[in-house]
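Asker: show me the folded form of this:
(one chain, ligands or ions: 1)
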Amino acid sequence: MNAVATDSLSFEAVAPHLSGRFGKPYLYEPECESTQLLLLGSGLPEGAVAATDHQTGGRGRLGRRWVEPAGTSVLVSVLLHPPRERHLPELSLVAALAAAEAVEGATGLSAQIKWPNDVMLNRRKVAGVLAELSDGTVVVGIGINVNQTREQLPLDAPTPPGSLYTLTGRTHDRAALLGSLLYRLERIYDGWRHGGLADLYGEIGARDFLRGRRIWVDGQAGTALQILRDGRLEIETDAGEVRTLESGEVRYER
Ligand code: BTN
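Answerer: Sure thing, here's the model as predicted:
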């Protein structure tokens, strides 16, 4: 069966769902190379948002592509001016928590965060976060697989992908989901601005997908212990060494 998506992330569609300061201004292109490029180096104020219904050169982490059929996904970037004292890699977790909450609100299912930036639903990756830094500003890009059918999801993804549609059996309103995402991101980001991850840690730790799983990282096998209060991942290698990871790609046993 094909899930036909006729909705859009145009300003007219999303404006009724915007309730905070994120989304001012709101840049929308029906199609663009990457929403990241609409904001990087733009000089726009914090909270500027770029959204599209299709990317021709969507960027993923570690130089990967982020690919989607037009009209199926939430594709959004948000411009942030974080305070100097904050540890910027934590922003991936901040955005992943916002995406996890938005996905939970839309589906009624529990979402997890696969450190450092993936949102998982029923063991499938439904959203990813890419944070890019330029001149003290951070552009946080979030992609959520919303209405893709199973056949429309990438075959070669390192983490098994899913969409809200494949995991719930129903299509979802992308504009409403984007509004909910921006509302939650603003609230969580404001908490982080003022106090770092401390107050968010309970919400992040409760959704820790890797905790206790067998993992491989940097050619070493081990067990993921936990996301730490400073946002790093603590692991124990099979040689019995406890290590903390700042960033990276963790493969896990399925
Ligand atoms: C990942 O999991 O590798 C991160 C994916 C991030 C994709 C989003 S979609 C909106 C924004 N624009 C991009 O080109 N990438 C991010």
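
Asker: what does the stretch 51-200 of the chain have sitting close to the ligand?
Answerer: 55, 58-61, 64, 66, 75-77, 117-118, 128-130, 141-143 (C-beta under 6 Å from any ligand atom). Where you see a C-beta, it was placed from the backbone N, CA and C, and this is true even at glycine.

Asker: could you look up the SS state of the closest residue to the ligand within the stretch 1-150 of the chain?
Answerer: Proximity of the stretch 1-150 of the chain to the ligand (C-beta to the nearest ligand atom) peaks at Gly128, 2.1 Å away. On the three-state scheme (DSSP: H, G, I helix; E, B strand; the rest coil), Gly128 is labelled strand.

Asker: Leu245 versus that one, what's the distance?
Answerer: 18 Å (C-beta to C-beta, to the nearest Å).

Asker: more neighbours: these two, which one.
Answerer: Gly128 (26 against 18; other C-beta atoms under 10 Å).

Asker: report the contact partners of the more buried one.
Answerer: Gly128 makes contacts with Gly60, Arg61, Trp66, Asn117, Asp118, Val119, Ile142, Gly143, as judged by C-beta atoms under 8 Å, 6 or more residues apart in numbering.

Asker: and the gap between the fourth one and Pro69?
Answerer: As for Asn117, its distance to Pro69 is 22 Å (criterion: C-beta to C-beta).

Asker: neighbour count winner among these two?
Answerer: Using other C-beta under 10 Å as the criterion, Asn117 and Pro69 rank with Asn117 on top: 23 against 14.

Asker: ok, the more buried one touching Arg61?
Answerer: Yes - Asn117 is within contact range of Arg61, at 6.4 Å (criterion: C-beta atoms under 8 Å).

Asker: now the helix ranked longest in the chain: mean pLDDT?
Answerer: As assigned by DSSP state H, the longest helix anywhere in the chain is helix 174-195. Mean per-residue pLDDT for helix 174-195: 97.

Asker: with stretch 156-166 instead?
Answerer: 94.

Asker: neighbouring contacts of that stretch?
Answerer: 3, 72, 103, 106-107, 114, 118, 120-126, 144-150, 152-154, 171-172, 177, 249, 251, 254.

Asker: let's see 6 Å
Answerer: 3, 107, 124-126, 145-148, 150, 153-154, 171-172 (C-beta atoms under 6 Å, 6 or more residues apart in numbering).

Asker: so which of those sits lowest on pLDDT?
Answerer: Ala3 (45).

Asker: looking at the contacts of Gly128, which is nearest Tyr26?
Answerer: Ile142 (14.9 Å; C-beta to C-beta).

Asker: in its sheet, what does the helix or strand harbouring that closest one sit against?
Answerer: According to DSSP states H and E, Ile142 maps onto strand 137-145. When pairing is defined by DSSP bridges, strand 137-145 lines up against strand 73-80 (antiparallel), strand 124-134 (antiparallel).

Asker: which elements pack onto the helix or strand that contains Leu37?
Answerer: Per DSSP H and E, Leu37 falls inside helix 35-39. Judged by 3 or more C-beta pairs under 6 Å, 6 or more residues apart in numbering; DSSP states H and E, the packing partners of helix 35-39 are strand 49-52, strand 73-80, strand 137-145.
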